[in-house]
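Peer 1: Can you look at this prediction? I've put the sequence above it.
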Amino acid sequence: MSAQSYGLDVVGQNIANVNTPGYTRREVLLSSTASPDPMAQGAGVTVDGVRGIRDRLLERRLQMEQPSAAREGAIADSLSVVEVAIGKPGESIDAQMDAFFSAASNLASDPSAASARQSFVLAAQNLASGFRDMSVRLTSARQNADTQARGAVSQINALSAQIAAINGQLAQAPSNGTQSLSLQDHQKQLLDQLTKLIDVSAIERGDGGVDVSVGSGRPLVVGTDATNLGTVRQPPDGLVGITSNGLDITSEITGGTLAGYLQVRDSYVPDYLTRLNDLASQVVTSVNAIHNGGFDKNGDAGLDLFTVDPNDSAAGSLQVNGAIVADTSLVAAAGVNATGDNQAARDLAALRDARVMDGGRATFSDMWGQLTYTVGNDVRVAKNEQTSRQAIVSQVQSLADSVSGVSMDDEAMSMLRYQRAYEANAQFFRAVNDTITMLLQMVG
Amino acid sequence: MSTSADIDPGPHPVAAELRTTLERLARALTHVDLDTLLACESEMASTLAATDRPIAVDPAARAATARELLAARAALVRCSRLGATLADLTRISLAARGIGQTYDRRGDSRHHAGVHGLEAKG
């Protein structure tokens, strides 16, 4: 009776945990025991233990798919922020470049007018400021990714410590017991969380625990020992490298949100910054070439309109020459040293449509368009990848759940089936009892 | 060398079948073995059908038959207790999940108002 009660307890436990994430359906292991008394009424029943219904192959498959989905999710999330920072077409640096070339065109219309010169300088300042702001936004997106990567490492270390602790508890817990199964369920959940952060290899231990490694076999958890991943700031930007036992393993991390953040930080955003700096650099070169070749209102040769710090990025350090800001008469609108000439201003305005980028194939505006398109496309690709990989994860999860999860209908139906089957027998009990009584009277 | 007097006729077959069936039923209830539970129903019905005919018990088999009948009655009591526990645990577990065991005429599940207590016996 206690064995039966235990069996029903397990069914009840399955029902109670139908909505518990990570809960693995239990099954009671029973065995008959031989009775020492040959006259005893049948053999007894012993509960050998309880086992969790799990499909290791599906769980392993899930652990393989989850890091990819999580990585693409992290990339999509981070790049969505970058996409917003880049701004909509016509409302960002492209608008500021357009305003600058329009100001040059206005200057060409009236090169002597102080207001036109002032407007031109203001437009140039706005453009420089736009480049600097964009550079700051992209740099901070990179630093955000770095911060998130460091956060992911902290979470990985915390999870590793918990998995190691459970390994220790599993080593102490009796096998085939509910305690062991609960620990394994908890550990499986921790492992699921871990695989969302980083791609790991998990090897099951004999006592139900797991050993976990990352990258090319770097130990993360071995028995009760957890090896913390480290973060070491690296020059020149102070962004962190991921280390294991002092070795840099950043390049070995290819899955999980950590890999996503690292890719955003080390690949995607640097590419955008390079494109932005190329654009800024070419704007500076092209504009200064014309301005230097022109003459200011005083008849002197033009100065550099834009300046950049040679020790900094072009976009990040772009400024309008302080002397010109202070004295707009230094704007070189004339192509020749003659009052009223506007050739330099016209040449500056003509840069709007000049194909000076990408080996003479693209205008400044085209290059900006390519950058915004690239960011948008990267976001779309990452989101599509995340969706398709998440679909695989969901499918594998469903398969794993169909094995390990509790179906409320199944549990309820099995309990009712047992009861109905018993009731079908119980309808004979009175007749059986009467027959036994009658026969006992005959033989008594 | 044995003689006919030495031959133990054994318990009456009906008594033996009752004991066997009831003990199988008790085991099935313990193991929560649905197939055996269902099989026991027809076995019990056919054993009872055999009692419709006149039963004669060999005097030499009376003691063995009596032992068998006492064992059968013990098994019957065990089945009743196991069945009652099963019914109560089923009712409690399903009620706790808001699932009724009965259905109304439209086929909708009727929920029990609450758990009235465990009818645990023995």
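Peer 2: It's in.

Peer 1: what residues are up against B:L48?
Peer 2: For B:L48, the contact set (C-beta atoms under 8 Å, 6 or more residues apart in numbering or on different chains) comprises A:F428, A:A431, A:V432, A:T435. C-betas here are computed from N, CA, C, even on glycine.

Peer 1: now do 6 Å
Peer 2: A:A431 (C-beta atoms under 6 Å, 6 or more residues apart in numbering or on different chains).

Peer 1: From A:V432, how far out is it?
Peer 2: 7 Å (C-beta to C-beta, to the nearest Å).

Peer 1: what do you get for B:I55?
Peer 2: Relative to A:V432, B:I55 is positioned 14 Å away (C-beta to C-beta).

Peer 1: what do you get for A:M64?
Peer 2: 58 Å.

Peer 1: Would you mind telling me which of the two has the busier surroundings?
Peer 2: A:V432 (23 against 17; other C-beta atoms under 10 Å in any protein chain shown).

Peer 1: gap between that one and B:G83?
Peer 2: From A:V432 to B:G83 the distance is 13 Å (C-beta to C-beta).

Peer 1: Equivalent analysis for A:D312, please.
Peer 2: Using C-beta to C-beta, A:D312 is found at 85 Å from B:G83.

Peer 1: what about these two, which has more around it?
Peer 2: B:G83 (22 against 12).

Peer 1: which SSE is the more buried one in?
Peer 2: Using DSSP states H and E, B:G83 maps to helix B:62-96.

Peer 1: helices or strands next to that helix in the packing?
Peer 2: helix A:2-16, helix A:408-426, helix A:429-443, helix B:13-31 (3 or more C-beta pairs under 6 Å, 6 or more residues apart in numbering or on different chains; DSSP states H and E).

Peer 1: mind checking the SS state of the spatially most central residue of chain A?
Peer 2: In chain A, the residue lying closest to the centroid (C-alpha atoms, centre = their mean) is A:A74, at 1.8 Å. Secondary structure, DSSP: H, G, I helix; E, B strand; the rest coil: A:A74 is helix.

Peer 1: now do A:V240
Peer 2: At A:V240, secondary structure determined by three-state DSSP is strand.

Peer 1: Could you measure from it over to chain B?
Peer 2: Relative to chain B, A:V240 is positioned 49 Å away (C-beta to the nearest C-beta, to the nearest Å).

Peer 1: who's in contact with that residue?
Peer 2: A:R150, A:T231, A:R233.

Peer 1: Kindly recompute the last result at 7 Å.
Peer 2: A:D146, A:A149, A:R150, A:T231, A:V232, A:R233, A:Q234 (C-beta atoms under 7 Å, 6 or more residues apart in numbering or on different chains).

Peer 1: Kindly report the same for B:G10.
Peer 2: B:A61, B:A64.

Peer 1: Also A:S317?
Peer 2: Per C-beta under 7 Å, 6+ apart, neighbours of A:S317: A:V308, A:D309.

Peer 1: again, only this time at 10 Å
Peer 2: A:A128, A:F131, A:R132, A:S135, A:N277, A:A280, A:T307, A:V308, A:D309, A:P310, A:N311 (C-beta atoms under 10 Å, 6 or more residues apart in numbering or on different chains).

Peer 1: Mind checking which of these are buried?
Peer 2: Among the contacts of A:S317, those buried by neighbour count (16 or more other C-beta atoms under 10 Å in any protein chain shown) are A:A128, A:F131, A:R132, A:S135, A:N277, A:A280, A:T307, A:V308.

Peer 1: export those to TSV and tack on secondary structure?
Peer 2: Shown next, in TSV, are the buried ones among the contacts of A:S317 (three-state DSSP):
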residue	secondary structure
A:A128	helix
A:F131	helix
A:R132	helix
A:S135	helix
A:N277	helix
A:A280	helix
A:T307	strand
A:V308	coil
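
Peer 1: which one among those gets closest to chain B?
Peer 2: Distance to chain B across those (C-beta to the nearest C-beta) is lowest for A:S135, with 59.4 Å.

Peer 1: Need the pLDDT of that closest one.
Peer 2: For A:S135, the pLDDT comes out at 96.

Peer 1: A:D110 versus that one, what's the distance?
Peer 2: Between A:S135 and A:D110 the distance is 33 Å, computed by C-beta to C-beta.

Peer 1: ditto for A:G360
Peer 2: From A:G360 over to A:D110 the distance is 32 Å, taken as C-beta to C-beta.

Peer 1: Between those two, which is the more surrounded one?
Peer 2: A:D110 (15 against 8).

Peer 1: Tell me where the stretch 51-200 of chain A has helices.
Peer 2: A:56-86, A:93-109, A:114-172, A:178-197 (DSSP state H, counting those that start in this stretch).

Peer 1: ok, back up a step: worst mean pLDDT among the helices and strands packed on helix B:62-96?
Peer 2: helix A:2-16 - the lowest mean pLDDT of these, at a mean of 61.

Peer 1: May I see the helices of the stretch 51-200 of chain A arranged in CSV, with distance to chain B as well?
Peer 2: Putting the helices of the stretch 51-200 of chain A into CSV (distance: least, C-beta to the nearest C-beta, whole Å) gives the following:
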stretch, distance to chain B
helix A:56-86, 26
helix A:93-109, 60
helix A:114-172, 28
helix A:178-197, 17
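
Peer 1: Quick check: the residue lying closest to A:A114 once chain neighbours are set aside vs A:L439, distance?
Peer 2: Among residues not flanking A:A114 along the chain, A:T328 sits closest, at 6.6 Å (C-beta to C-beta, 6 or more residues apart in numbering or on different chains). Distance, A:T328 to A:L439, using C-beta to C-beta: 124 Å.

Peer 1: Neighbour count: the two, which is higher?
Peer 2: Legend: neighbour count by other C-beta under 10 Å for A:T328 and A:L439, higher for A:L439 (23 against 18).

Peer 1: Not counting residues beside it along the chain, what's closest to the more buried one?
Peer 2: Excluding the flanking residues, the one nearest A:L439 by C-beta to C-beta, 6+ apart is B:L69, at 5.4 Å.

Peer 1: Surely the one you found and A:V443 touch.
Peer 2: Yes. B:L69 is within contact range of A:V443, at 7.1 Å (criterion: C-beta atoms under 10 Å).

Peer 1: pLDDT on stretch A:224-239, on average?
Peer 2: The pLDDT scores in stretch A:224-239 average 92.

Peer 1: Are any of the contacts of A:V240 buried, and if so which?
Peer 2: By 16+ other C-beta under 10 Å, the contacts of A:V240 give A:D146, A:A149, A:R150, A:T231 as buried.

Peer 1: Closest one of the residues you listed to B:P9?
Peer 2: A:A149 (86.5 Å; C-beta to C-beta).

Peer 1: Between B:L48 and A:V432, which contacts overlap?
Peer 2: B:L18, B:T21.

Peer 1: residue contacts, A:R233?
Peer 2: Contacts for A:R233 (C-beta under 10 Å, 6+ apart) come out as A:D146, A:R150, A:L239, A:V240, A:G241.

Peer 1: so the fourth one bridges to which residues?
Peer 2: To tie it back to what came earlier, the one meant is A:V240. Beta-bridge pairing of A:V240 under DSSP bridges involves A:R233.

Peer 1: With adjacent residues omitted, what lies nearest to the closest residue to chain A within chain B?
Peer 2: Ranking the residues of chain B by distance to chain A (C-beta to the nearest C-beta) places B:L37 first, at 3.7 Å. Leaving aside its chain neighbours, B:L37 sits nearest to A:A421 (3.7 Å; criterion: C-beta to C-beta, 6+ apart).
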